[in-house]
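> have a look at this fold, sequence not included:
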């Protein structure tokens, strides 16, 4: 409406237009302008330069595969625009698509592809190749002599990552003086983006909590005993989840601790993907490297300390089994002992004539009979 009035004030010879426009037309014009400006900031802007969402924005798009399962090809633009890959064009990952509309998809996305995007402070296009090389050498990477069943069972990139929402660091958490110093040499946009990303990684080793990591490793894999038996893993690996949950680390994590050791804390370095069998000299849990891992949380680590079994089997170790029983009795004895004392005190006070009434922050009211017998009424 202000724009319309300004137009009429600038052009006084057109003031007769105001007589022509009805109230309904004015209201329609106002609503149209309001809707246009309000939706500018809401619309999700994803890297869809080739307009792939013209088809993939429909919820029902998909097909039935050879196994009779429905495969959905729907992409939610608002969700995609907030993910880690929001600035990556579709064909940077789907490189096998050579024309649009494309032929039926027969290949999977290769996360080792080089992206057409340059990170801050780098002149080369970004690539996951380095981390994938580490992953391929790990126990989870597919080897030539693996059976087809084992190849199908091993986790791939999307199994663990599932394209998690990128968690930005709040602007108020960035020290302004630090950024100002960086801007003396570096471009503002690039250095701000890099600073946010680095501080995000420094705050947490991964973007998942210890509880989520334990669930991720357990669910559908290490906790599935039948599946693990088919893959002929060792007995120690077969009961790894159960023994971890019985350990001090596992109990702390299950109770909500954010600092206790999860699966990745011990089985991988800062590269996250370098998980090996303990017999491998590169394994973080190898006896030669175990001290470095324990020192992340514990001080004064020595040779005796690293001999402690992190995955204790209480049924097979009589000493641990006996200690666990004693600690259990001590814990429940303390709890029920305190409850028993509280109950005896309550009964004694009730017999002494003191009323149990919650009022103004206290629970006991009145004068005891022993006081009255000894000193008389107040």
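Sure thing, it's come through. Only a predicted model underlies this, so the values are computations on that prediction, with no experimental measurement involved.
> which stretches of the stretch 201-350 of the chain have low pLDDT?
Confidence mapping of the stretch 201-350 of the chain against pLDDT under 70 gives the ranges 201-207.
> secondary structure class for residue 356?
Local secondary structure at residue 356 is given as strand here, using DSSP: H, G, I helix; E, B strand; the rest coil.
> can you show me the strands along the protein?
62-64, 70-72, 355-359, 362-365 (DSSP state E).
> and of the ones you listed, who's closest to residue 249?
Go through these one by one with C-beta to C-beta and the one that ends up closest to residue 249 is strand 70-72, at 38.4 Å. (Glycine included, C-beta is placed from N, CA and C.)
> next one: stretch 308-320 to chain centre, how far?
31 Å (C-alpha atoms, centre = their mean, to the nearest Å).
> same question, stretch 265-277
Put simply, stretch 265-277 sits 18 Å off its chain's centre (C-alpha atoms, centre = their mean).
> mind listing what's buried along it?
Neighbour-count burial for stretch 265-277 flags 265, 266, 267, 268, 269, 272, 273, 274, 275, 276 (criterion: 16 or more other C-beta atoms under 10 Å).
> closest to residue 65 among those?
Within the buried residues of stretch 265-277, distances to residue 65 taken as C-beta to C-beta reach their minimum at residue 273, with 29.3 Å.
> so the closest one touches residue 135, yeah?
Yes. Shown here, residue 273 and residue 135 form a contact pair, counting by C-beta atoms under 8 Å, at 4.2 Å.
> nearest to residue 293, of the strands of the chain?
Using C-beta to C-beta as the criterion, the shortest distance between residue 293 and the strands of the chain is 41.0 Å, found for strand 70-72.
> so which elements touch that closest one?
In terms of contacts (3 or more C-beta pairs under 8 Å, 6 or more residues apart in numbering; DSSP states H and E), strand 70-72 is packed against strand 62-64.
> pull the residues that contact the strand it packs on.
Strand 62-64 is contacted by residues 70, 71, 72, 73, 74 when judged by C-beta atoms under 8 Å, 6 or more residues apart in numbering.
> same check, this time on stretch 98-107
With C-beta under 8 Å, 6+ apart as the test, stretch 98-107 has contacts from 50, 52, 55, 94, 96, 97.
> would you turn the strands of the chain into a markdown table with mean pLDDT and mean neighbour count?
Listed next are the strands of the chain as a markdown table, based on pLDDT from 0 to 100; neighbours: other C-beta atoms under 10 Å:
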| stretch | mean pLDDT | mean neighbour count |
| --- | --- | --- |
| strand 62-64 | 88 | 11 |
| strand 70-72 | 87 | 10 |
| strand 355-359 | 74 | 10 |
| strand 362-365 | 72 | 12 |
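> in a markdown table: these, plus distance to residue 112.
Conversion of these to a markdown table gives the following (distance: least, C-beta to C-beta, whole Å):
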| stretch | distance to residue 112 |
| --- | --- |
| strand 62-64 | 27 |
| strand 70-72 | 23 |
| strand 355-359 | 66 |
| strand 362-365 | 67 |
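> which one of those lies closest to residue 250?
Each of the strands of the chain was scored for nearness to residue 250 using C-beta to C-beta, and the closest is strand 70-72 (36.1 Å).
> sorry, back to before: sort out for me which of the buried residues of stretch 265-277 are in helices.
The helices, defined by DSSP state H, take in 265, 266, 267 from the buried residues of stretch 265-277.
> now the residue nearest in space to the middle of the chain: closest residue in space that isn't a chain neighbour?
Here the mean C-alpha position of the chain is nearest to the C-alpha of residue 208 (C-alpha atoms, centre = their mean), at a distance of 2.7 Å. Spatial nearest neighbour of residue 208, excluding adjacent residues (C-beta to C-beta, 6 or more residues apart in numbering): residue 216 at 7.0 Å.
> identify, from the buried residues of stretch 265-277, the entry nearest to residue 309.
Out of the buried residues of stretch 265-277, the member with the shortest distance to residue 309 (by C-beta to C-beta) is residue 266, at 12.3 Å.
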